[in-house]
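In: Fold the following.
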Amino acid sequence: MLKNRRKCVRFEVPINVKFRPTYGATDYAMGVTRDLCSEGFRVEAHDFRFIVYEHLELIVELQAGRKPVSVFGDVVWKRQAGRRCLAGIELKMKDRDMQKQALEKIFSFAHIPYTDSSGLPNKLGFIKEYYNNGYRCRVTFRLLKETAGDARNVSLIGDFNNWDPSETHMVRMDNGDFIITMDLDSNREYRFSYLIDGTRRENDWYADKYARNRFGYKISVVVV
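Out: Take a look at the predicted model:
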């Protein structure tokens, strides 16, 4: 985890997690995940008694009726930050397929795309992944830092959420890009825009095509 920390794309996703050493009967400690990536995450807790290199069992508590996800990892660093204890967890499971499946569930819950590589594909524009039945598609929208500038918040607004800026908030990546993944019905076209800090609208200049809104302005379209 440490050797790749500059390469791995990280997401600021707070999810409740409980953890304890794999060797036995110690009660679970409670914390919150931060800096989620394909190799592990950071844990914030009021009390982190475990030492560096200790192997932990971690239960990531997905909400909305979903079953929690169990993963295993090593403590690779720890430090104190005021009243909070911070620790870096590098995931290490014997079954790599099980680790991948666990991460996919966690990333899906957080509405961000999962990749085994050190970052998102070097692809500008949409990333589309069709379900086997062909009726639905997972679409990843990506607003580049060059357009986002120093934005603090970006919302994706469009036909899929009735243009409601409170509905779909994008996640800021370490490199300054903003991304979000949504499930959309196939065989449709959706008009959309990026709303930056609640005031500025921007098009996606890698959109599938463009249309005109009722005021005559050009607007982005994704074809699914």
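
In: Looks like residue 79 contacts residue 86 (just checking).
Out: Yes: in this structure residue 79 lies within contact range of residue 86 using Cβ atoms under 8 Å: 5.4 Å. Backbone N, C-alpha and C define where each C-beta goes, glycine included.

In: For the nearest residue in space to residue 148 that is not next to it in sequence, grab the count of nearby residues.
Out: Sequence neighbours aside, residue 178 is the residue nearest to residue 148 in space, at 5.6 Å (criterion: Cβ to Cβ, 6 or more residues apart in numbering). By the criterion of other Cβ atoms under 10 Å, residue 178 has 23 neighbours.

In: Residues contacting the host helix or strand of residue 79 from elsewhere in the structure, which ones?
Out: For residue 79, the host element (DSSP states H and E) is strand 69-81. Contacting residues not belonging to strand 69-81 are listed as 1-2, 22, 40, 48, 50-60, 62, 85-93, 99, 102-103, 105-106 [Cβ atoms under 8 Å, 6 or more residues apart in numbering].

In: which of these count as buried?
Out: 1, 40, 48, 50, 56-58, 60, 62, 85-92, 99, 102-103, 105-106 (16 or more other Cβ atoms under 10 Å).

In: Let me know the helix or strand that residue 101 is in.
Out: In this assignment (DSSP H and E), residue 101 forms part of helix 96-109.

In: hmm, back to that, just the ones in strands from the buried ones among the contacts of strand 69-81, please.
Out: With strands taken from DSSP state E, the overlap with the buried ones among the contacts of strand 69-81 comprises 40, 56-58, 60, 85-91.

In: where's the lowest-mean-pLDDT helix or strand in the chain relative to the chain centroid, distance-wise?
Out: Every helix and strand in the chain was compared by mean pLDDT, DSSP states H and E; the lowest is strand 127-130, with a mean of 83. Remark: strand 127-130 is offset 16 Å from the chain centroid, using Cα atoms, centre = their mean, to the nearest Å.

In: any idea how far residue 44 is from residue 82?
Out: 11 Å (Cβ to Cβ, to the nearest Å).

In: between these two, who's got more neighbours?
Out: Legend: neighbour count by other Cβ under 10 Å for residue 82 and residue 44, higher for residue 44 (17 against 6).

In: Quickly list what the more buried one is bridged to.
Out: Residue 44 forms beta bridges with residue 32, residue 86, as assigned by DSSP bridges.

In: so what are the domain limits for this structure?
Out: 2-109, 127-223 (automatic domain parsing).

In: lowest-confidence stretch among these?
Out: Ranked by mean pLDDT, those bottom out at domain 2-109, with a mean of 84.

In: so how far is it off the chain centroid?
Out: Mean-position distance between domain 2-109 and its chain equals 15 Å (Cα atoms, centre = their mean).

In: Would you agree residue 181 is in contact with residue 114?
Out: No: if you go by Cβ under 8 Å, residue 181 and residue 114 don't touch, sitting 9.1 Å apart.

In: When the two are compared, which one has more neighbours?
Out: residue 181 (20 against 14).

In: May I have the secondary structure class of residue 163?
Out: coil (DSSP: H, G, I helix; E, B strand; the rest coil).

In: ok, it - contacts?
Out: The contact partners of residue 163, by Cβ under 8 Å, 6+ apart, come to residue 157.
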